[in-house]
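[1] following is a predicted model, sequence given first.
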Amino acid sequence: MARYIGPKTKIARRFGDSIYGADKVLEKRNTPPGQHGQNRKRKKQSEYGIQLQEKQKAKYTYGILEKQFRNIFEKASSRKGITGENLLMLIESRLDNTIFRLGMAPTRAAARQLVSHRHITVNGKMVNIPSYLLVPGDVVAAREKSKNLEVISDSLASNKKSFSWLEWNGEKVEGKFLNYPTREEIPENIKENLIVELYSK
């Protein structure tokens, strides 16, 4: 799957979930997309189809490509603990996702752009890899020249969310990755056990 840049509401309607945030269209038209979406009689999905849909949902939510997703899954399965929870925990530790969670970018796509355009540092060193995995103690910040970027300041001004595994310092425009989040702390509506079952076949 190439990274999706098309209509987000269409994807949200496909999964019947506001995976990209609040969506007024989805609230009004919570049927599958397409001309006959409302009248379409869907066949009963197979077990494989349900599992595949959940994986696709996770990939679209976090904006991760297939190869990247499989690599993270392999890392998750090699760790101690529950593989599904490890999977989400590692995805949440990605640099682009952390920037989004800190409120430095309005979307994960915008966060990826900030990273790839060299506006972000990790522990004082510039990092331009959105999939970079953080470890507890890492400090994520905007470069000195980038702290006054309109996209960052506007996003921070409208951000009202905070997460227990992240610590924000508004004066320095930087955040600290304190620890890996537990499953209960991750707000995304993803059934990770179905993804594990899919890859276990």
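    Now that the structure is in, tell me what you want to look at. Treat the numbers as computed from the prediction; the structure is a model and nothing was measured. Numbering: from 1, shown residues only.

[2] now the helices for the protein?
    Ranges of helices in the chain, per DSSP state H, are 8-15, 24-28, 47-62, 66-78, 83-92, 95-102, 108-116, 150-158, 192-199.

[3] and these: which comes nearest Val139?
    helix 95-102 (10.7 Å; CB to CB). All C-beta spots, glycine's among them, are computed from the backbone N, C-alpha and C.

[4] returning to what we had before: can you list the helices of the chain in a markdown table and add mean neighbour count, distance to Asn169 and mean pLDDT?
    A markdown table is the format used below for the helices of the chain (neighbours: other CB atoms under 10 Å; distance: least, CB to CB, whole Å; pLDDT from 0 to 100):
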| stretch | mean neighbour count | distance to Asn169 | mean pLDDT |
| --- | --- | --- | --- |
| helix 8-15 | 18 | 31 | 63 |
| helix 24-28 | 12 | 34 | 52 |
| helix 47-62 | 18 | 25 | 91 |
| helix 66-78 | 15 | 28 | 95 |
| helix 83-92 | 22 | 20 | 96 |
| helix 95-102 | 25 | 10 | 97 |
| helix 108-116 | 20 | 17 | 95 |
| helix 150-158 | 14 | 12 | 94 |
| helix 192-199 | 19 | 31 | 94 |
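
[5] of these, which is nearest Gly137?
    Judged by CB to CB, the one of those that comes nearest to Gly137 is helix 95-102, at 12.9 Å.

[6] elements contacting the closest one?
    Judged by 3 or more CB pairs under 8 Å, 6 or more residues apart in numbering; DSSP states H and E, helix 95-102 is in contact with helix 83-92, helix 108-116, strand 120-122, strand 139-142, strand 166-169, strand 174-177.
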